[in-house]
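In: 3D model of this:
(one chain, ligands or ions: 2)
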Amino acid sequence: MAILGEFEYKNPGLFEESGVRVTPATIITGPNFLSRVFSKLLLDYSHSCAKMVPMFKLLGSLLDSNEREVKKLLPIVEATNSHEADYKKLSAAKLKALTGTFRKRLEEGETLDELLPEAFAATREAARRTIGQRHFDVQIMGGAVLHSGRIAEMRTGEGKTLVATLPLYLNALEEKGVHLVTVNDYLAKRDAEWMGPIFHALGVSVGVINHETSFVFDPNPQTPSTEETEMTMDPKDSLSPEQEGLGVGKFLRAVSRKEAYLADITYGTNNEFGFDYLRDNMVQDIHDMVQRSLNFAIVDEVDSILIDEARTPLIISQQAEESTEKYYDFAKIIEKLELETDYVVDEKMKAANLTEIGISKIERLTGVDNLYEKDFDSIHHIEEALKAKTLFLKDRDYIVKDGEVVIVDEFTGRLMPGRRYSEGLHQAIEAKEGVEIQRESQTLATISFQNYFRLYSKIAGMTGTADTSAEEFHKVYKLDVVIIPTNKPAVRDDLPDSAYKTDRAKYEAIIEDINDRHKKGQPVLVGTTSIEKNELLGDLLKRKGVPHQLLNAKNHLKEAQIISEAGQKGAVTLATNIAGRGVDIKLGEGVAKLGGLHVIGSERHEARRIDNQLRGRSGRQGDPGSTKFYVSLQDDIMRLFGGDAVTGVMNAFKMPDNVPIEAGLVSRAIEGAQSRVEGHNFDIRKRVVEYDDVMNKQREIIYSMRKEILELGDRQNPNKEEAQKELQERLTSRISDEVDQLVTSSVGEAETFDADRIVNEFNTIIPFDEASKKGLLEKVKAEANPDKVKDFLSEITTQVYTQREEQFGSELMREIEKLVMVSVIDTLWISHLDDIEELREGVGLRGYAGKDPLVEYKSEAFRMFEQLVDSIDHEIVQRIYKIQVQPQQATPTNQTTTTSSSSSAFQAKPTPKLKAADKVGRNDPCPCGSGLKYKKCGLVNSQTHQEHLAKVNA
Ligand code: ADP
Ligand code: MG
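Out: Ligands and ions are numbered 1, 2, ... in the order given. Model prediction:
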């Protein structure tokens, strides 16, 4: 561990903190969502005796305890209110100066909690002056909940955007960076521009992270200053940010990403924050990192991000740029070859090799002579094509289904959709079968949202719908939910569901309902679970001649503008569940008298939470409104989970298709079904997170290793000398460990040692010419005992190192050290990611042998990680003496890496090993010189491998 320092990862059983994630394999979307979820569940969990978790039985007692929590917030509100009169009198300059005062008091030892009432009062005053909105008392409560690192459940329209400004400002006082996480780029911009004036008045800066651009808030100099102007607007008259045209960047100035992160407060999406984290851990220079350490994040729509989106981990991958055409060409070539003359097959060994005749034939066909020397890549693919033809049989090893090659598991006969053979074999089979060839992509870095957000010192969340998932938030994220009362009493009317026998009857009823209300002028918002159904309803409305707007979450900005108008008289808006989320729907003139906004759900979603989100679109801030869900026995949720009771009733009474039942029975049956599906999903996510935790720990260790190296090797490090010395010491002590090991492993009985072997292996660390090697061998043979040999060799390593340092200069040498260490870590880590993925897929099968796959996975992953760390050390020593420095103009080879920070290019000189090593580790480079790891070379029994080897040994 000399190079990398101590690492903490001791026992895989120790990471018991949980988190939730569903692997990519279980991301299921599309029309048959539920049925696929369900069959997936059966497949995956039939062997692990999945329990259905009764999740929400505690609701009653939860409410009581919620009341207690809310009561505890009252003194905070009072304390905040007590500063109001004084702050109202402050000049704009004095108000701004409060920030400096607060920061000073923090430095002097006061805590954020102590500063809370004053900081909240200051924010409230700034908001009143700038955007004309004074935080309501319930908003102060919500702010306090967020500051305490919990989830504030506040209904849609309660003003969560404004609530967040309180804890954002308070925590920004610490100057460690505070993040506000939104679900899309548009909302990040909108909220920053909307709330920007508040922060500006307090003298704190605001940044925005968007997909490709980043910004800071910059109040337009042309707009008259709002300082000192008293804005006592009635909130009813104030414009929505969409009406004011916010969110398009009027008040944003483009800056570097790093600058946006250096702002006191940064708004951005979960994706961008997560990707920046991953990218930061791939940089070659510490100054290219853009994020500061992750301090405090407030996650808006927290249930969407931590539960719904948590199904998809973030992945940075690299797609093979190879053209897929060549696979078809190779498959054609193979067709022209004949068994025995051109190639031989050994079925038992699962090997197929080209003969001399076969090779010349291919060379004739491709027009390339001496293929093995000139085109290693092609020959590799040709061999894979040969294997595909001779060893892999359709309907035994794989099947072809919907134009895809699906592997059949050889032990269980199960289909393994989504899995692929590696090293181009899968493509070769695709070419053989004439189906479309999928490109291979390699994962370079990946993290799930759960694990990303767990990196923050503190997180908080807000949403209108958290309580039905309170248990999951608590168990997985240790986030408690506090339900904040509404500012005004809610009067929305949630009508009972109507159940129809068929989809057709259901849609007819929906259209009828829309049409009736539309004729009165009442606005209607219809939610659907998919784009498909959204469009279907659109067609039906068109036929009926009802004008409407169609939204399906493709263009966030445009949809925001449309949906903000959904409360106007006569508006009919069809939206998928997530379209236009985060956007407030204000009622138009006279709409309240017509009953407010009517929301129609065209189907119950699998989670009650999503249904509640849709209902929440109506009845904001004490507005009138109504909601109603239409269901049919053909809906997925009814068919699969809960329809029996309802179907029974309908059949018993011989009800016609177009007569619905609207009994409590229906809603009860549906909610029972939903809670079962929720339980299932929770179960999956919980199980998967246990797997994920293992990787998480490993990623943390590797990332901190590489970061430490970048810091130590940083030319601008204030303690540069010390740091570089430390870095160099780690390296040299590893070198001497390696030499020790090398000698020790060659020691026989009674102090005898195998000098040839020692010298050969030593030569893989420092390549010598033949003459020096001979001299070395004699010297080693002459030594009295292994310890002496160790000393002797160690001396050589030091000498050579010093020579190289003189040759390159110490500055460059340090750069080389940093580069070698980091690139070795990266290469091996990326291949480890692959290996772990393979393991994860593989252990599922061992479950059948009566073993707990998770236990197997943990211990195997732990073992592989130990091996990874060893290989990293080993590989670094293997490379450090082989790096050559050439002027920039040097002919580029495929092994050249150029760093932007130095004027030279480093080139790893390929130094072939002298012999096929006696014992090649699976992670060692294959001695045949293919450049692949031994285990990955896949050519061990192949002609190529033999030939390369022969050449090397010649
Ligand atoms: P949420 O995110 O909770 O659904 P928003 O932040 O979108 O709610 O705010 C909803 C509406 O309420 C906005 O139009 C906003 O201007 C208004 N609003 C919020 N807080 C206040 C307040 N304290 N005074 C006046 N209007 C407010
Ligand atoms: Mg919102």
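
In: Identify the residues contacting the residue in the stretch 651-800 of the chain positioned nearest to ligand 2.
Out: Distances between the stretch 651-800 of the chain and ligand 2 by CB to the ion are smallest at residue 678, namely 23.2 Å. Every residue, glycine included, has its C-beta placed from N, CA and C. Listed by CB atoms under 8 Å, 6 or more residues apart in numbering, the contact partners of residue 678 are 55, 468, 469, 606, 607, 608.

In: go on, residue 76?
Out: With CB under 8 Å, 6+ apart, residue 76 has these contacts: 116, 117, 120, 140, 141, 144.

In: Quick check: nearest residue in space to the first one, chain neighbours excluded?
Out: The shortest distance from residue 116 to any residue that is not its chain neighbour, by CB to CB, 6 or more residues apart in numbering, is 6.0 Å, and that residue is residue 170.

In: Keep only those of the contacts of residue 678 that are in helices.
Out: Judged by DSSP state H, the subset of those located in helices is residue 608.

In: returning to what we had before: just the contacts of residue 76 now: which is nearest ligand 1?
Out: In terms of CB to the nearest ligand atom, no member of these lies closer to ligand 1 than residue 140, at 10.0 Å.

In: beta partners of the residue nearest the centre of the chain?
Out: The chain has residue 314 as the residue nearest its centroid, 2.2 Å off, counting by CA atoms, centre = their mean. Applying DSSP bridges to residue 314 gives these bridge partners: residue 447.

In: Residue of the stretch 101-250 of the chain closest to ligand 1, please.
Out: For the stretch 101-250 of the chain, CB to the nearest ligand atom, closest residue to ligand 1: residue 159, 2.4 Å.

In: In contact with the closest residue to that residue other than its chain neighbours, which residues?
Out: The shortest distance from residue 159 to any non-neighbouring residue, by CB to CB, 6+ apart, is to residue 139 (5.9 Å). Taking CB under 8 Å, 6+ apart, we find residue 139 in contact with 158, 159, 162, 163, 166, 487.

In: The residue of the stretch 651-800 of the chain closest to ligand 2 in helix, strand or coil?
Out: Following DSSP: H, G, I helix; E, B strand; the rest coil, residue 678 is assigned to helix.

In: Can you report phi and psi for the residue lying closest to residue 605 once chain neighbours are set aside?
Out: In space, and not counting its chain neighbours, residue 605 is closest to residue 611: 5.4 Å by CB to CB, 6+ apart. In terms of degrees, to the nearest 10, the main-chain angles of residue 611 are phi -60, psi -40.

In: now do residue 757
Out: Torsion angles, degrees, to the nearest 10, at residue 757: phi -60, psi -40.

In: Relative to residue 745, how far out is it?
Out: 8 Å (CB to CB, to the nearest Å).

In: Give me the more crowded residue out of the two.
Out: More crowded of residue 757 and residue 745, by other CB atoms under 10 Å: residue 757, with 16 against 13.

In: so the more buried one makes contact with residue 746?
Out: Yes - Residue 757 lies in contact with residue 746 (CB atoms under 8 Å); the separation is 4.8 Å.

In: Tell me the spacing between residue 798 and residue 831.
Out: 31 Å.

In: When the two are compared, which one has more neighbours?
Out: A direct count of neighbours by other CB under 10 Å for residue 798 and residue 831 places residue 831 higher, at 18 against 13.

In: For the host helix or strand of residue 471, list every residue counted as buried.
Out: Using DSSP states H and E, residue 471 maps to helix 470-477. Neighbour counts over helix 470-477 (16 or more other CB atoms under 10 Å) mark 470, 471, 472, 473, 475, 476, 477 as buried.

In: What of stretch 71-87?
Out: Judged by neighbour count (16+ other CB under 10 Å), stretch 71-87 contains these buried residues: 73, 76, 77, 79, 80, 83, 87.

In: Dump those residues to a markdown table, plus pLDDT, distance to ligand 1 and secondary structure.
Out: Formatted as a markdown table, these follow (pLDDT from 0 to 100; distance: CB to the nearest ligand atom, whole Å; DSSP: H, G, I helix; E, B strand; the rest coil):
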| residue | pLDDT | distance to ligand 1 | secondary structure |
| --- | --- | --- | --- |
| 73 | 97 | 17 | helix |
| 76 | 97 | 17 | helix |
| 77 | 97 | 14 | helix |
| 79 | 97 | 19 | helix |
| 80 | 98 | 13 | helix |
| 83 | 98 | 17 | coil |
| 87 | 98 | 16 | helix |
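
In: In TSV: those, plus distance to residue 209.
Out: TSV is the format used below for the buried residues of stretch 71-87 (distance: CB to CB, whole Å):
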residue	distance to residue 209
73	31
76	31
77	33
79	34
80	30
83	33
87	31
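
In: from these, which is closest to residue 330?
Out: residue 73 (69.3 Å; CB to CB).

In: The residue nearest to residue 159 belongs to a helix, doesn't it?
Out: Yes - assigned with three-state DSSP, residue 139 falls within a helix.

In: Give me the distance between it and residue 194.
Out: Applying CB to CB to residue 139 and residue 194 gives a distance of 15 Å.

In: Repeat that for residue 443.
Out: 37 Å.

In: Looking at the two, which is more packed in?
Out: Neighbours were counted for residue 443 and for residue 194 using other CB under 10 Å; residue 194 has more, 23 against 15.

In: Now do the SS call for the more buried one.
Out: Following three-state DSSP, we place residue 194 in the helix state.

In: Run through the stretch 501-650 of the chain and note the low-pLDDT ranges.
Out: Applying pLDDT under 70 to the stretch 501-650 of the chain flags the ranges 553-554, 641-643, 645.

In: residues from it in reach of ligand 2?
Out: Selection of the stretch 501-650 of the chain residues close to ligand 2 by CB under 5 Å from the ion yields residue 582.

In: from the stretch 501-650 of the chain, which residue is nearest to ligand 1?
Out: For the stretch 501-650 of the chain, CB to the nearest ligand atom, closest residue to ligand 1: residue 584, 3.9 Å.

In: count of residues packed around that residue?
Out: Counted with other CB under 10 Å, residue 584 comes out at 18.

In: Then residue 284?
Out: Residues near residue 284, counting by other CB under 10 Å: 17.

In: Residue 627 now?
Out: Neighbours of residue 627 using other CB under 10 Å come to 23.

In: Doesn't it belong to a helix?
Out: No - per three-state DSSP, residue 627 lies outside any helix segment and is strand.

In: Use 716 as the first number for this chain going forward.
Out: Happy to do that; since the first residue is 716 now, the last one works out to residue 1342.

In: how about the contacts of residue 1393, which pair is most distant?
Out: Applying CB to CB across the contacts of residue 1393, the maximum distance is between 770 and 1321, 13.7 Å.

In: neighbour count winner among these two?
Out: Ranked by neighbour count (other CB under 10 Å), residue 770 and residue 1321 place residue 1321 first, with 24 against 19.

In: ok, back up a step: just send the contacts of residue 791 back as CSV, with neighbour count, pLDDT and distance to ligand 1 too.
Out: Listed next are the contacts of residue 791 as CSV, based on neighbours: other CB atoms under 10 Å; pLDDT from 0 to 100; distance: CB to the nearest ligand atom, whole Å:
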residue, neighbour count, pLDDT, distance to ligand 1
831, 21, 98, 18
832, 21, 98, 18
835, 27, 98, 13
855, 27, 98, 10
856, 26, 98, 13
859, 28, 98, 15
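
In: Many thanks, have a good one.
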